[in-house]
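In: how would this look folded up:
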Amino acid sequence: MKEFWVNQNKCIDITASERNAISVVRSCAMLMIVLCHLLQAYGNNWAWLFNVGVQVFFVLSGYLYGHKYIADWRKWFSARIRKLYIPVALFSVVMLTVMKFACNEPVKLLNYVSYLFDIQAFRGGYNGLSHLWFMTAIAVCYATTPLLQRFKKFAPYLLLILLVANALIYMMLKKDIACFTWISLYSAGYCYARLGRLRNYALCFFSVLFVLLTCYLNWEVILQYDNVLNKAWHGVAGVAFCLLGIKVLSRLPVARLMPAIVPFDKYSFYIYITHHIFILGPLALIPHVSSTYLAVSLVVVSTILSTTALVMATNYINNKIIKTS
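Out: Numbers count the residues shown, from 1 in each chain. Sure, this is the predicted structure:
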């Protein structure tokens, strides 16, 4: 069955067209998340449609690591932890301090410590920084990567098991187990990357499943965030949008768009960290500006400036760590 799925290769090459497609998908997912938070700030329920960008990120991360073979797990985990927690610690400490003195927020020492280890972010986080739960979620997914790599030759069966397990949990038990959902999405992307020629069948399945689920559910359910079926729809939509987006965009002439997309794609992780605080929470700009256009413009400018500062600070610390190690 080697001709149907990858089971022995140490890594799978990503073509230039696929790399461009991945950049576009990641950029679109980031834009969807920012748009979700903007709509949320204005009390628009359509926000819960666009937050599917989060699910896309889980699937995309798994898809990318499914193409790789990791030999040195210690080095890999060290790099992942630095990437996740250094910028989170820097940004959260600065923002918590600003909130403490500028907004009379009840910020205590425990808040600093909990964000440093991402404990509070795991529980939902501090007002204005609640989106940082994603860091712990993706860290949990990274922890499953050695197991996925160990059993990568069984990728089709693992994917089938995930589908059955999720169907049971969402449709029959009516439960939403957050940690299992994160791992399922990440694992789905990883397994899909190992399917070889079976990819087309899997892609058709997820696309049809997305259409059927969208037709089955009414928009009130899809736009109702605290709803089990809503979470099921988001999971399926995240897989379909990510994988179908890569497939379609890799066949389109998107190379000419890359000069504009690459900078946004390169810093999308930092944009994710910084944008939220200027939209929601005590430091939000939108409640203080009557003009929607001006408010959104101020959010964009503030996000760009804070992202630039965070990238510079993170790179400086990482360079210091590398030099001393």
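
In: after the host helix or strand of K247, which helix or strand is next?
Out: Taking DSSP states H and E as the criterion, K247 maps to helix 228-249. Next along the chain after helix 228-249, taking DSSP H and E as the criterion, comes helix 258-266.

In: work out the gap between that following helix and the centre of the chain.
Out: Chain-centre distance of helix 258-266: 17 Å, with C-alpha atoms, centre = their mean, to the nearest Å.

In: what's the answer for stretch 191-209, then?
Out: Chain-centre distance of stretch 191-209: 21 Å, with C-alpha atoms, centre = their mean.

In: what's next to it, contact-wise?
Out: By C-beta atoms under 8 Å, 6 or more residues apart in numbering, the residues outside stretch 191-209 that reach it are 3-7, 12, 62-67, 148, 152-153, 155-156, 158-159, 162, 236, 239-240, 243-244, 247. C-betas here are computed from N, CA, C, even on glycine.

In: ends of that stretch, how far apart?
Out: Taking C-alpha to C-alpha, to the nearest Å, stretch 191-209 runs 18 Å from one end to the other.

In: quick one: low-confidence parts of the stretch 151-300 of the chain?
Out: By pLDDT under 70, the stretch 151-300 of the chain has no low-scoring segment.

In: 90 instead?
Out: Within the stretch 151-300 of the chain, the ranges that satisfy pLDDT under 90 run 153, 163, 166-180, 196-197, 217-231, 255-257, 281-282.

In: mind listing the strands in it by residue range?
Out: Assigned by DSSP state E, counting those that start in this stretch, the strands in the stretch 151-300 of the chain number zero.

In: cool, the stretch 1-150 of the chain as well?
Out: Assigned by DSSP E, counting those that start in this stretch, the stretch 1-150 of the chain shows no strands.

In: helices of that one, start to end?
Out: Taking DSSP state H, counting those that start in this stretch as the test, the helices found in the stretch 1-150 of the chain are 16-41, 47-50, 53-65, 73-102, 109-116, 119-122, 133-143, 145-150.

In: and those as a markdown table, adding mean neighbour count, distance to R251 and mean pLDDT?
Out: Output for these, formatted as a markdown table (neighbours: other C-beta atoms under 10 Å; distance: least, C-beta to C-beta, whole Å; pLDDT from 0 to 100):
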| stretch | mean neighbour count | distance to R251 | mean pLDDT |
| --- | --- | --- | --- |
| helix 16-41 | 20 | 7 | 95 |
| helix 47-50 | 19 | 25 | 91 |
| helix 53-65 | 24 | 17 | 96 |
| helix 73-102 | 16 | 31 | 89 |
| helix 109-116 | 15 | 43 | 63 |
| helix 119-122 | 19 | 38 | 46 |
| helix 133-143 | 20 | 28 | 90 |
| helix 145-150 | 16 | 28 | 94 |
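
In: now render those as CSV, adding distance to P287.
Out: Shown next, in CSV, are those (distance: least, C-beta to C-beta, whole Å):
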stretch, distance to P287
helix 16-41, 8
helix 47-50, 16
helix 53-65, 24
helix 73-102, 15
helix 109-116, 22
helix 119-122, 24
helix 133-143, 23
helix 145-150, 41
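
In: that older thread, just want the angle from the helix holding K247 to helix 53-65.
Out: Helix 228-249 and helix 53-65 meet at an angle of 50 degrees, taking axes from the mean of the first three to the mean of the last three C-alpha atoms, to 10 degrees as the criterion.

In: quick one: helix 228-249 to chain centroid distance?
Out: Between the centre of helix 228-249 and the centre of its chain there are 12 Å (C-alpha atoms, centre = their mean).

In: and that helix, what does it pack onto?
Out: Helix 228-249 makes packing contacts with helix 16-41, helix 53-65, helix 178-193, helix 199-216, helix 219-222 when contacts are defined by 3 or more C-beta pairs under 8 Å, 6 or more residues apart in numbering; DSSP states H and E.
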